[in-house]
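Asker: Have a look; sequence and predicted model below, questions after that.
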Amino acid sequence: MTALMPPPPSSGYALVNDLREPAAVANIHRTAPDEWAREELLLAKLGARGWGRVHHFRNYYGSGWGEHAGSMLSPRALSAFFRFVDAFEFPSGVIPSVFLTDRGGIELCWEEESRKSVQVEFTRTDAEFYREATGEEGALAHGALPQLVLRLSA
Amino acid sequence: MSVNPSEDIVRAVCTDKWDGQRLSPSLFVGENTSVSRLAILPLSDHWDMFRQFVEKPPERRLELIAEINVGRLQELGRTHNPSIALTVEPKAEAWNPAHAEIPQRITRGLASRILPVLKRHHPPAHR
């Protein structure tokens, strides 16, 4: 036995013209592509494990986590982290590790081709780094990330 | 009085500081690093105690317990450039009578020398 479905209703909702966004404005407001691009970036450079850990840190570690009341991941630190990961070319075949620090920073660690370690922690205010091969250790403001990229690439 | 160099100390390593491949240097970077003394509480008792107090949120799991001898830690500080005299100071807390702290500021360079020396204990099989 078959039953005929009723014909589809005419459009249930109609957006009035006053609420429609001009195409140019819509592009400014839409944040999803940026987020999508970030996910792709993490998968490409940090692999599924790194991608999953960043997701984990962003979504489960609220203020007061852990035994020492850790800070939640700083949006400024995360933004600097994404800019660095986008600009920096990690050594071929090396997948960096990503960690959450107690003060709400996000930390990257990897080894150079010489097997010497490199560490960068992105905090709310700056990027702290250490390069074992040269013994360099210091901190640079977020505005100096391009210099940090060059310095750690040399 | 500072903890004797012959003692062994441990530190809880949770999900945020261990990804299955590398340990986070921030485990030891900075001042007032929390540790726990095996002379006061045996390793076997640390598992349950740590789990109860460090697994917040529940998604944060106790993955390892890292152990180092106090004398070895001090030797790493002494031989580092610049040299630093590390001490471990008892600082019992209500949740952990074996709690102690390393008050000195540990740099990233020194932390990167401490990490490879740590003895890693994995959770007991019955977890």
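Answerer: Happy to help now that I have it. Everything numeric in this text was worked out from a predicted model, so none of it was measured.
Asker: which helices and strands does whichever helix in chain B runs longest pack with?
Answerer: Among the segments of chain B that qualify as a helix by DSSP state H, the longest is helix B:43-54. Secondary-structure packing of helix B:43-54 (3 or more C-beta pairs under 8 Å, 6 or more residues apart in numbering or on different chains; DSSP states H and E): strand B:8-14, strand B:62-69. All C-beta atoms are positioned from the backbone trio N, CA, C, and that covers glycine.
Asker: what's the helix or strand for residue A:109?
Answerer: strand A:106-111 (DSSP states H and E).
Asker: partners of the following helix or strand past that strand, with directions?
Answerer: Counting by DSSP H and E, the element after strand A:106-111 in chain order, helix or strand, is strand A:117-122. According to DSSP bridges, strand A:117-122 forms sheet pairs with strand A:106-111 (antiparallel), strand A:126-131 (antiparallel).
Asker: what does the model give residue B:36 for pLDDT?
Answerer: Listed pLDDT for residue B:36 reads 98.
Asker: brain fart, residue B:49
Answerer: Residue B:49 is given a pLDDT of 96.
Asker: okay, now it: neighbour count?
Answerer: 17 (other C-beta atoms under 10 Å in any protein chain shown).
Asker: just residue A:124 next, same as before
Answerer: The burial count for residue A:124: 16, using other C-beta under 10 Å.
Asker: tell me the strands in chain B, going along the chain?
Answerer: B:8-14, B:33-37, B:62-69, B:89-90, B:99-102, B:119-121 (DSSP state E).
Asker: Please list all residues in contact with residue B:119.
Answerer: B:66, B:67, B:68 (C-beta atoms under 8 Å, 6 or more residues apart in numbering or on different chains).
Asker: While we're on the residue nearest the centre of chain A, how confident is the model there?
Answerer: Most central in chain A under C-alpha atoms, centre = their mean is residue A:82, positioned 4.3 Å from the mean C-alpha point. pLDDT, residue A:82: 96.
Asker: quick check, the host helix or strand of it touching chain B?
Answerer: In this assignment (DSSP H and E), residue A:82 forms part of helix A:75-87. No. With C-beta under 8 Å from any C-beta of the partner chain as the criterion, chain B is not reached by helix A:75-87; the gap is at least 12.6 Å.
Asker: hang on, residue B:114 packs against residue B:28?
Answerer: Yes. With contacts counted by C-beta atoms under 8 Å, residue B:114 reaches residue B:28, the gap being 5.2 Å.
Asker: Any chance of CSV for the contacts of residue B:119, columns neighbour count?
Answerer: Formatted as CSV, the contacts of residue B:119 follow (neighbours: other C-beta atoms under 10 Å in any protein chain shown):
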residue, neighbour count
B:66, 23
B:67, 19
B:68, 20
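Asker: ok so, going back, is it possible to export the strands paired with strand A:117-122 to TSV including mean pLDDT?
Answerer: Below are those laid out as TSV (pLDDT from 0 to 100):
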stretch	mean pLDDT
strand A:106-111	98
strand A:126-131	98
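Asker: okay if I get these as JSON lines plus distance to residue A:87?
Answerer: Putting the strands paired with strand A:117-122 into JSON lines (distance: least, C-beta to C-beta, whole Å) gives the following:
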{"stretch": "strand A:106-111", "distance to residue A:87": "13"}
{"stretch": "strand A:126-131", "distance to residue A:87": "12"}
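Asker: how far away is the closest residue to residue B:121 other than its chain neighbours from residue B:36?
Answerer: Nearest non-adjacent residue to residue B:121, counting by C-beta to C-beta, 6 or more residues apart in numbering or on different chains: residue B:65, 4.4 Å away. Counting by C-beta to C-beta, to the nearest Å, the gap from residue B:65 to residue B:36 is 9 Å.
Asker: Identify the contacts common to those two.
Answerer: B:10, B:11, B:12, B:46.
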